[in-house]
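[1] What shape does this take:
(chains A and B, ligands or ions: 2)
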2 protein chains.
Amino acid sequence: MVAPTAAARRRFGPATTVLVGYAAVVGSGFALLTLPIAKAGPGGARPLDALFTSISAVSVTGLSTVETADHWTFFGHAVILLLVQTGGLGIMTLASLIGLAVARKLSLGSKLTTSAETQGVGLADIRRFITGAIVVSLTVEAIGAVVLGVWFAAVTGFPPLEAAWYGLFHAVSAFNNAGFTILPRGLVPFVGDPVVSLALSALVLIGSLGFPVLDELRRFPRTPLRWSMNTRLVLWGTAVLTVVGTLFITAVEWGRAGTFGPLDWPTKVPAGFFQAAQTRSGGFSTVDVGQLDGATLIVMDVLMFIGGGPAGTAGGIKLTTFGVLFFILVAEMRGRAAVNVFGKRLLRAVHRQAITVSLVAVGVIVASTVALALLSDEPVDRLAFEAVSAFATAGLSTGITSDLSPAAQALLLLLMFAGRLRPILLASALAVRTRPLTYEFPKERPIIG
Amino acid sequence: MVAPTAAARRRFGPATTVLVGYAAVVGSGFALLTLPIAKAGPGGARPLDALFTSISAVSVTGLSTVETADHWTFFGHAVILLLVQTGGLGIMTLASLIGLAVARKLSLGSKLTTSAETQGVGLADIRRFITGAIVVSLTVEAIGAVVLGVWFAAVTGFPPLEAAWYGLFHAVSAFNNAGFTILPRGLVPFVGDPVVSLALSALVLIGSLGFPVLDELRRFPRTPLRWSMNTRLVLWGTAVLTVVGTLFITAVEWGRAGTFGPLDWPTKVPAGFFQAAQTRSGGFSTVDVGQLDGATLIVMDVLMFIGGGPAGTAGGIKLTTFGVLFFILVAEMRGRAAVNVFGKRLLRAVHRQAITVSLVAVGVIVASTVALALLSDEPVDRLAFEAVSAFATAGLSTGITSDLSPAAQALLLLLMFAGRLRPILLASALAVRTRPLTYEFPKERPIIG
Ligand SMILES: [K+]
Ligand SMILES: [K+]
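    Ligands and ions are numbered 1, 2, ... in the order given. A predicted model of the protein is given here:
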């Protein structure tokens, strides 16, 4: 038996806690970024710019209404870095913990107790999750920071302290899929730099897998047979989308004057790989995204929309959701009664969750694009790209963010916030769901299609 | 026991028959339209134009690479009219019959014999279906032809014979949701004409309901309680989408110079209604679609994508599919175990069908838009509009169809053909599906969203 207050707490608890926590972090960041010490040059930042940057950092999106490198001081950059790290760790631990709660609840509900079903989120306790996420994050970030810092100092030629700071900032920004860069001339000069490209891609891809996958890879690195459906879907999804994205982007942009045209041919494929990997949802770019072909933008829309692994810093509907839809499609095409994924049967409840998540995401993005089209004269496909990038917290942009009206920027800001918190709120709702179905209607079907 | 040959026939029978039948009609139309007698002026039509027109007419889409009114002679127009009528009747009867087969099969499979489940497609025999579809079509078309013909003669001022021909052509074109017009200056001059606007809208909307709904409305006109889930979804969907579309289009286009701006204000709302109704998927337009706001184009994309009722001349994923997705979303949001639609429980198998249909449609349209973007320099949102319009056999266009390269036109041609036959092929596949699932995997779930 559960007392009413406990029930109420369970019903509103997680979602409210998460919302309040995020709002508090965003508010602190906003306050710090409005300080004159945060902004380069005289005066303080425009409030909307400070709020946009704070939300963009906490939601690890990376869209910006200002040039991050020039607009903010070292203090401002440090605030952004802290916000990114807080946002990234917050989402990893919260999503993992709530995911654990959902899995336990479902296990009880479906009378499966210690089956493979709960492997995806692990069975360890809260402490292990939080320390695990911190250890994994700091370890990967430290390695990335050292590699990038040494390279920036030894090869790029930045002064040692500056190189170390750039190394740290970009390692944290990349692992948390934040996409902020503070390099004086951005990342475009590094399109042919193998170490910077590869390090940033690797950090982004590792971060995008999500904590449950990283945790499983750490525990069972050499026994793929023990990997959960979650891990398999995320790894396969990452591999397939990265390869397909690389091939498509490289082929289409190969000779375009504004993008890959001027590059040496051995640089084109790595550049395509870099841009494809960033949709997972890192958000860095080594070419001018605004110069990419319209076809490339659509493909990147799709890749960003799908996003990365759940319970991590990646955005989008997640590779698992996309994978579930894919396997539903396969099962239906083959006329199978059950949906099987890598030799395991998919719980039916998951079908509807995947549909719901995808429909809501499509609905939000379409409605936002319509609203942006009403609020702006930019080409609709660029506005759609912006909306997808914000809601999927990918952070790539064709460069129009700063030109949009305050109303349009406010809409993007809401999209970033909603895009980041949606998975947590959804998981919270599932975790507290207790309403039983007490009656059933007679069955019927309409004609489909 | 079923003999192998019978099983093979059941497996490939309906789909092959439908494909061959459609190809034969399209081929005949193509042959007739390439005759010099079909084309105005000297010489015969360009083969791609003749093929495009034939497929557009048989699939009742209405897209055209040429100006229908000027490019073809009376003979050409008569061929188009026959193709439209054949295509429209064909789709109605075939889809209804195959739908009946599916319903009977599902009834047996799920041990429900004479329940409400099969009401959506009726229990009558083949003869009743075919004669019913012919009677309904010819009756509604005849009424429309008389109303339009008299109005064209008495008010618009066309000579009697010409008026009668225009009345007949547009009644057939509208009821079959074909969207072809042969009026010398198109439909734009009729934007303020209440009778032409209302008659064409009514014919399009009635035709878009689909034969099962029309049949039920005829049999139980005053007893909504006897209407099937299919009929309710289609009627509610038509009402909601038409009202929402009218409000949105009227509001956004109200003051735009190229569209509703020059209109008297009492004409603006009917003009908005006309354009909203045509997405169901009539395809007529009384304004220059190319001048509509980018936001309006997206909303019309969505409306065309959804389309009309199943087993009729409308295209799109169908109002029923959209309705099922909507009710799945509602059930999931409320935490209900079963999906109930208007007091009836939805069969689970339908969930997956609806997802499959929608995913395939989204995939085809996204891939086609990417391909069109590679094959053309037109703005991507206009290419997307064209792709949606073709695959949903809606026929609305921003006016770029004739400017596209032959490769892009060929793609549209395939989209129209695929968009029209997809529901039939899907239904055929369901009708012959017999593969049982003989084993089950252990259950598991990944993290969603
Ligand atoms: K990002
Ligand atoms: K049409």
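[2] For the stretch 1-150 of chain A, which residues are neighbours of ligand 1?
    A:61-62 (CB under 5 Å from the ion). For every residue, glycine as well, the C-beta is placed using N, CA and C.
[3] Now with 6 Å, please.
    When proximity is defined by CB under 6 Å from the ion, the stretch 1-150 of chain A lies next to ligand 1 at A:60-62.
[4] what's the closest of the residues you listed to A:Gly144?
    Of all those, A:Gly144 sits closest to A:Val60, with 15.4 Å by CB to CB.
[5] which non-adjacent residue is nearest the closest one?
    A:Ala178 (4.2 Å; CB to CB, 6 or more residues apart in numbering or on different chains).
[6] can I assume the one you found is in contact with A:Leu63?
    No: using CB atoms under 8 Å, A:Ala178 makes no contact with A:Leu63, being 10.4 Å away.
[7] Now the common contact residues for the two.
    Residues touching both A:Ala178 and A:Leu63 (CB atoms under 8 Å, 6 or more residues apart in numbering or on different chains): A:283, A:395.
[8] what about the two, which has more around it?
    A:Ala178 (34 against 27; other CB atoms under 10 Å in any protein chain shown).
[9] Which residues are in contact with that one?
    A:57, A:60-62, A:84, A:87-88, A:172, A:283, A:313, A:395.
[10] ok, so of those residues, who is nearest A:Pro42?
    A:Ala57 (23.5 Å).
[11] Neighbours of that closest one, how many?
    If we define neighbours as other CB under 10 Å, then A:Ala57 has 32 of them.
[12] Pretty sure the residue nearest to A:Val60 sits in a helix.
    No: assignment of A:Ala178 by DSSP: H, G, I helix; E, B strand; the rest coil gives coil, placing it outside any helix.
[13] how much space between it and ligand 1?
    Using CB to the ion, to the nearest Å, A:Ala178 is found at 6 Å from ligand 1.
[14] For the stretch 101-250 of chain A, which residue gets nearest to ligand 2?
    A:Phe248 (32.0 Å; CB to the ion).
[15] let me redo that: the stretch 151-300 of chain A
    Closest point on the stretch 151-300 of chain A to ligand 2, by CB to the ion, is A:Ile298, at 24.8 Å.
[16] For that residue, the count of nearby residues, please.
    Neighbours around A:Ile298, by other CB under 10 Å: 23.
[17] Does it touch B:Ser368 like I think?
    No: between A:Ile298 and B:Ser368 there is no contact under CB under 8 Å: 10.4 Å.
[18] Helices along the stretch 1-150 of chain A, start to end?
    With DSSP state H, counting those that start in this stretch as the criterion, the stretch 1-150 of chain A has helices at A:4-34, A:47-58, A:68-71, A:74-109, A:126-151.
[19] Pipe these into a markdown table and attach mean pLDDT and distance to B:Glu378 per row.
    Putting the helices of the stretch 1-150 of chain A into a markdown table (pLDDT from 0 to 100; distance: least, CB to CB, whole Å) gives the following:
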| stretch | mean pLDDT | distance to B:Glu378 |
| --- | --- | --- |
| helix A:4-34 | 76 | 41 |
| helix A:47-58 | 96 | 33 |
| helix A:68-71 | 94 | 35 |
| helix A:74-109 | 79 | 40 |
| helix A:126-151 | 91 | 42 |
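[20] any idea which element the residue nearest the centre of chain A lies in?
    Geometric centre of chain A, nearest residue: A:Ala314, 2.1 Å, by CA atoms, centre = their mean. Using DSSP states H and E, A:Ala314 maps to neither a helix nor a strand.
[21] Neighbours of the nearest residue to it once chain neighbours are set aside, how many?
    Distances taken as CB to CB, 6+ apart put A:Gly308 closest to A:Ala314, at 2.4 Å, once the chain neighbours are dropped. By the criterion of other CB under 10 Å, A:Gly308 has 32 neighbours.
[22] Validate this expectation: A:Gly308 resides in a helix.
    No: using three-state DSSP, the secondary structure at A:Gly308 is coil, not a helix.
[23] Check what pLDDT it gets.
    Confidence at A:Gly308, expressed as pLDDT, is 94.
[24] And for the one 4 residues further on?
    Predicted confidence (pLDDT) for A:Gly312: 85.
[25] How many residues are close by it?
    Neighbours around A:Gly312, by other CB under 10 Å: 30.
[26] Leaving out sequence neighbours, find the closest residue to it.
    Using CB to CB, 6+ apart, the closest residue to A:Gly312 is A:Gly210 (2.9 Å).
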